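# Fold the following for me, if possible:
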Amino acid sequence: MVGIGSGDPLDRTHKAERAIANASVIVGYHRYVQLIEDLCAGKQIFQSGMRKERDRCRIALEQAACGSRVALISSGDPGIYGMAGLLIETAHHIGSKAAIEIIPGVTAGSSMAARLGAPLMLDFACISLSDLLLPWQTIRHRLEHVALADLVCVLYNPRSMKRRHQLDDAVSIFLEHRPGTTPAGVATAIGTQEEQVVLTTLDRLLENDIGMRSTIVVGNTKTTRLDNWLVTPRGYSL
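A predicted model of the protein is given here:
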C-alpha cells in the first residue's frame with residue numbers, strides 16, 4: 001500500500017517511488033493512477049472509481065496471490081483516512097497470506113499546515129466530516145469534545161455535492177466554545193495547479209469555496225496570525 005501524498009511528484013517520498021517502480025501491477029482510483037502516470041510504463045494497471053475500495057483491495061490481494069508485486073495506490077497517507085485498514089481487514093477476512101507493507105505519504109493535514117505556517121505546533125485533532133461510514137451523531141459528539149478541549153482541529157472531507165450541513169454544524173459547535181475571531185484556514189487541491197490557500201477566521205469560514213478537495217484547520221484560543229502565517233505557539237520564551 002503506497003501513499004503518494006498530494007499527487008505532486010515533489011511530494012512523493014523516495015520509498016514510495018521505489019515501491020511503485022518495483023511493482024509489476026498497479027491498483028488504484030482513476031485519479032490517483034493518473035497522478036503517477038510517469039511511473040506506470042510497462043505495468044499492468046487496474047483502476048476503478050469512487051466507492052470501489054473493497055474491490056481494489058481484493059484485486060490487489062488476488063494479484064499478489066498470483067505472485068505479482070502489487071502497488072495499491074493511496075493519496076496522502078494510506079493510514080490516515082486511507083485504505084490501509086481496509087486492506088488489512090480484507091486480507092484477514094479472506095485468509096490471504098500476502099505480505100503487506102504500508103508506505104506512508106504526506107497527509108493533507110500536514111501539507112495544509114505547511115502552507116499556512118505552523119498551526120499544528122501543539123496538540124491537535126483530526127476529524128473527518130464524512131458520515132458515509134460513521135453516524136453523524138458520533139462525529140458531532142467528537143467535534144463537541146474537541147471544541148471543548150481547546151484543541152486545534154483539522155477537518156477532512158468537509159463538504160461534497162450531497163453533504164452540505166455537516167460543515168455548518170461543525171462551525172456552529174466551535175463557535176459555542178471559541179470566539180469568532182479564532183484564526184482558521186482552508187487549503188484546496190494542495191499540490192496541484194488548482195491549489196488555493198485561504199487565511200480566514202472561524203466566523204467567516206463558511207464564506208469560502210469549500211469542497212471535497214479542501215482541508216480545513218480551526219485554531220485554538222492561542223492560535224494567532226502573524227502577517228500571512230498561522231502559528232499555534234508551543235510556549236517558547238522569546
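
# Can you report how many residues neighbour the spatially closest residue to Arg213 that is not a sequence neighbour?
Nearest residue to Arg213 in three dimensions, chain neighbours excluded: Ala189, at 4.8 Å (C-beta to C-beta, 6 or more residues apart in numbering). Where C-beta positions appear, they are placed from N, C-alpha and C, glycine not excepted. By other C-beta atoms under 10 Å, 16 other residues sit near Ala189.

# Please apply the same query to His30.
Using other C-beta under 10 Å: His30 sits among 12 other residues.

# Report the contact partners of it.
Taking C-beta atoms under 8 Å, 6 or more residues apart in numbering as the contact definition, His30 lies against 47-49.

# again with Ala108
Going by C-beta under 8 Å, 6+ apart, Ala108 touches 6, 76, 156, 187, 190, 215.

# Tell me how far it lies from His145.
If you measure Ala108 against His145 using C-beta to C-beta, to the nearest Å, the figure is 22 Å.

# looking at the contacts of His30, which has the most residues close by?
Most surrounded of those: other C-beta under 10 Å gives Gln47, at 17 neighbours.

# Let's verify that one: helix, strand, or coil?
strand (DSSP: H, G, I helix; E, B strand; the rest coil).

# Any idea how many residues pack against the closest residue to it other than its chain neighbours?
Leaving aside its sequence neighbours, Gln47 sits nearest to Val33 (C-beta to C-beta, 6+ apart; 4.7 Å). Neighbourhood size, Val33 [other C-beta under 10 Å]: 19.

# so what pLDDT did the residue nearest to Arg213 get?
For Ala189, the pLDDT comes out at 93.

# Next: Leu238.
86.

# my guess is the residue nearest to Arg213 meets Glu195, correct?
Yes - applying C-beta atoms under 8 Å, one finds Ala189 in contact with Glu195, separated by 5.1 Å.

# Roughly how far does the spatially most central residue of the chain sit from Ile88?
By C-alpha atoms, centre = their mean, the mean C-alpha position of the chain lies nearest to Ala108, the distance being 4.4 Å. Ala108 is 22 Å from Ile88, where distance means C-beta to C-beta.

# what do you get for Val146?
Relative to Ile88, Val146 is positioned 27 Å away (C-beta to C-beta).

# Neighbour count for these two, which is higher?
Shown here are Val146 and Ile88; by other C-beta under 10 Å, Val146 has more neighbours (23 against 16).

# That's all I had, so thanks and see you.
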